[in-house]
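> got a predicted model here, sequence first, then my questions.
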Amino acid sequence: MQTQATPMPAVDPGHPPGLKVLFFTEMWERFSYYGMRALLVLYMTQPPVRGGLGLDLKLAGILYGFYTFGVYAMSLPAGYAADRWLGYARAVLLGGGFIALGQFCLALGGRPAFVGGLALIILGTGLLKTNCTTMVGQLYAEHDPRRDAAYSIYYMGINIGAFSAPLVLGFLAQNAGFAAFLGRLGLATTLGWRVAFASAGVAMLAGLLQFHLNRGALGDVGRRPSHTERQRTGGVQAPLTREEKLRIGVVGILFLFAILFFAVYEQAGSTLNLFADGHTRCQLLGWNFPSSWLQSVPALWVLLLSAPFAALWVRLGSRNPSSPVKFAAGIFFVGLGMAVLVPALKIVAGGDKVGPLWLVTTYFLHTIGELCLSPVGLSTTSRLAPKRYAALMMGVWFWSMALGNLLAGLAASFFGTLDPVPMFLLLFAVTTGGALGLLALSPLIRRMTGDLPAGTGLETQPCEA
């Protein structure tokens, strides 16, 4: 069992210095991950003469789905190992090292190195992301009012990495000018993909370096369990109390609905990425840009809308919706974003391309949904998880992303073979039904949390996104 560090006094309006360390660690890890999300499907389907692997779309979609599933699915065993043996800080260092090594394997080129690199990134991301996120919550006492704000700040770091990665790595992989530059150096003009992968590895090493140099700012948070603690957690656990069972039950209900959200939202890297590459005029004022750059739009919307949303929750005061209601809103808006694309799909069916504003609008609606659901999910899981299962429960939350990513990747494998119009309308219908279902369950969730202490984020005055 991990021992939580002594928190800063709740009256201190600032944040522990460790938050800055975790912010930059996660920012560089997300730079690596979202760079891969923007490039992988495109890289796998590009012919070898253009530097890609030349896989057919169906296989590429399946591989993408299992890769993104594995990235988050590994968080469960990684959280368990950190809770009991490794400690969170050591898990972060090991994970970052595996991620960087995996990126360098991808940079070698070829299918064997590609598969090996993805396996290393899956292992590394599970170790780093789960435990870095867990440490954020452990910087604060359970009812410290700064906890929700800390996760909002942390979430900004995620989206700075997510915004910058497609721009930087997409330029290296797809820009004709950079390809010409490689040619002038006497290198193959198709090496851009491999340069992009290597750059992501260097970025991850930068994040690890700053984490290692500033570990002192974390205090006892993330330290390795002592021998006595390992003996205790390795033996018979005390039974869960009724309160802990209620907490886990609420996380479980929200987990099921989060799968639905992420199954639609994560199509940004698969189905919508293919739509951008094949059916969108990637032009701005007559200037052509790489299709992967559109992968930066969701993160840009998050950066622009986070502060207004935070201000909205505060302004609502006693009318602030509960966390299940926010979840329901998130599910509805992500489905609405897919429905918006239906007219565009009918246009491209005639052989024309559409402007990027269609995807920009879809990502705007998806971001509204994300801000209603994702930060609330992180904060709620951190708060409701029993202390001795902190990282394990965070791993459970990330499993909702894992299963959602798997479904999103499988959906991409059918893109181009099935009529996308009924598929997108079906997604809208299913998400709308899911949102209504969660609203109907809200009274049950309130009853389940009625005996929980105030400040859990799921009573009538919920946590803020």
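Ah, there it is.
> I figured L208 was touching G95, is that so?
No. Applying Cβ atoms under 8 Å as the test, L208 and G95 come out as separate, 9.1 Å apart. C-beta here means a position set from N, CA and C on the backbone, and glycine is covered the same way.
> settle it for me: which of these two has more neighbours?
Between L208 and G95, counted using other Cβ atoms under 10 Å, G95 has the larger neighbour count: 29 against 22.
> what's near enough to touch the more buried one?
Taking Cβ atoms under 8 Å, 6 or more residues apart in numbering as the criterion, G95 is in contact with 78, 123-129, 131.
> dump those to a markdown table, plus neighbour count, secondary structure and distance to L274.
Output for the contacts of G95, formatted as a markdown table (neighbours: other Cβ atoms under 10 Å; DSSP: H, G, I helix; E, B strand; the rest coil; distance: Cβ to Cβ, whole Å):
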| residue | neighbour count | secondary structure | distance to L274 |
| --- | --- | --- | --- |
| A78 | 28 | helix | 30 |
| L123 | 21 | helix | 27 |
| G124 | 28 | helix | 27 |
| T125 | 28 | helix | 23 |
| G126 | 27 | helix | 27 |
| L127 | 29 | helix | 30 |
| L128 | 32 | helix | 28 |
| K129 | 30 | helix | 26 |
| N131 | 32 | helix | 33 |
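> now tabulate these in JSON lines and tack on distance to Y34.
Listed next are the contacts of G95 as JSON lines, based on distance: Cβ to Cβ, whole Å:
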{"residue": "A78", "distance to Y34": "20"}
{"residue": "L123", "distance to Y34": "18"}
{"residue": "G124", "distance to Y34": "15"}
{"residue": "T125", "distance to Y34": "12"}
{"residue": "G126", "distance to Y34": "17"}
{"residue": "L127", "distance to Y34": "18"}
{"residue": "L128", "distance to Y34": "14"}
{"residue": "K129", "distance to Y34": "12"}
{"residue": "N131", "distance to Y34": "19"}
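> how about low-confidence regions in the stretch 201-350 of the chain?
Counting by pLDDT under 70, the low-confidence segments of the stretch 201-350 of the chain come to 222, 224-238.
> the same query, at a cut-off of 90, please.
Within the stretch 201-350 of the chain, the segments meeting pLDDT under 90 span 215-255, 266-271, 273-279, 282-292, 295, 299, 302-303, 305-326, 345-346, 348-350.
> show me the helices in it, by range?
In chain order, the stretch 201-350 of the chain shows helices spanning 227-234, 242-265, 271-279, 297-316, 323-340, 342-348, with DSSP state H, counting those that start in this stretch as the criterion.
> between helix 271-279 and the second one, find me the angle.
Translated: helix 242-265. Between helix 242-265 and helix 271-279, the angle formed by their directions is 10 degrees, by axes from the mean of the first three to the mean of the last three Cα atoms, to 10 degrees.
> and the angle from helix 242-265 to helix 323-340?
Orientation check (the same axes, to 10 degrees): helix 242-265 against helix 323-340 gives 10 degrees.
> so what secondary structure elements neighbour helix 242-265?
With contacts defined as 3 or more Cβ pairs under 8 Å, 6 or more residues apart in numbering; DSSP states H and E, the packing partners of helix 242-265 are helix 323-340, helix 357-384, helix 390-412, helix 420-448.
> if you count neighbours, what's buried in stretch 315-333?
Residues of stretch 315-333 classed as buried by neighbour count (16 or more other Cβ atoms under 10 Å): 320-333.
> nearest to L373, of the residues you listed?
L373 has its nearest neighbour among these in G330, at 3.1 Å by Cβ to Cβ.
> roughly how far does that closest one sit from P422?
24 Å (Cβ to Cβ, to the nearest Å).
> what's the answer for A206, then?
Applying Cβ to Cβ, the value for A206 to P422 is 46 Å.
> which one's more surrounded, these two?
Relative neighbour count places A206 above the other of A206 and P422, with 17 against 11, counting by other Cβ under 10 Å.
> surely that one touches M27?
No. Look at A206 against M27 with Cβ under 8 Å: they stay out of range, at 9.9 Å.
> list residues touching both of the two?
Between them, A206 and M27 share no contacting residue under Cβ under 8 Å, 6+ apart.
> what residue ranges in the stretch 1-150 of the chain score low on pLDDT?
Applying pLDDT under 90 to the predicted model, the residue ranges of the stretch 1-150 of the chain that meet it are 1-19, 32-39, 41-42, 45-46, 49-52, 56-90, 109-111, 126, 129-150.
> strands along that one, start to end?
Ranges of strands within the stretch 1-150 of the chain: none, based on DSSP state E, counting those that start in this stretch.
> where do the helices of it begin and end?
In the stretch 1-150 of the chain, the segments counted as helices under DSSP H, counting those that start in this stretch are 18-45, 57-73, 75-81, 88-108, 111-138, 146-174.
> could you dump the ones you listed into JSON lines and include distance to L182?
Formatted as JSON lines, the helices of the stretch 1-150 of the chain follow (distance: least, Cβ to Cβ, whole Å):
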{"stretch": "helix 18-45", "distance to L182": "16"}
{"stretch": "helix 57-73", "distance to L182": "24"}
{"stretch": "helix 75-81", "distance to L182": "37"}
{"stretch": "helix 88-108", "distance to L182": "14"}
{"stretch": "helix 111-138", "distance to L182": "20"}
{"stretch": "helix 146-174", "distance to L182": "10"}
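> looking at the ones you listed, spot the one closest to T189.
For these, the distance to T189 is smallest for helix 146-174, at 11.8 Å, taking Cβ to Cβ.
> return the backbone torsion pair for the closest residue to L139 other than its chain neighbours.
Beyond its immediate neighbours in the sequence, the residue positioned closest to L139 (Cβ to Cβ, 6 or more residues apart in numbering) is P16, lying 4.6 Å away. The phi and psi torsions at P16 (degrees, to the nearest 10) take the values phi -60, psi 150.
> and P16, how many neighbours?
Using other Cβ under 10 Å, P16 has 22 neighbouring residues.
> from L274, how far out is it?
Where L274 is concerned, P16 sits at a distance of 43 Å (Cβ to Cβ).
> same thing with C105?
C105 is 25 Å from L274, where distance means Cβ to Cβ.
> do the same with T45
Between T45 and L274 the distance, using Cβ to Cβ, works out to 8 Å.
> now for V348, how many residues are close by?
Counted with other Cβ under 10 Å, the neighbours of V348 add up to 17.
> what is the neighbour count of the residue nearest to A206 when sequence neighbours are not counted?
The shortest distance from A206 to any residue that is not its chain neighbour, by Cβ to Cβ, 6+ apart, is 5.8 Å, and that residue is W28. The number of residues packed near W28 is 28, by other Cβ under 10 Å.
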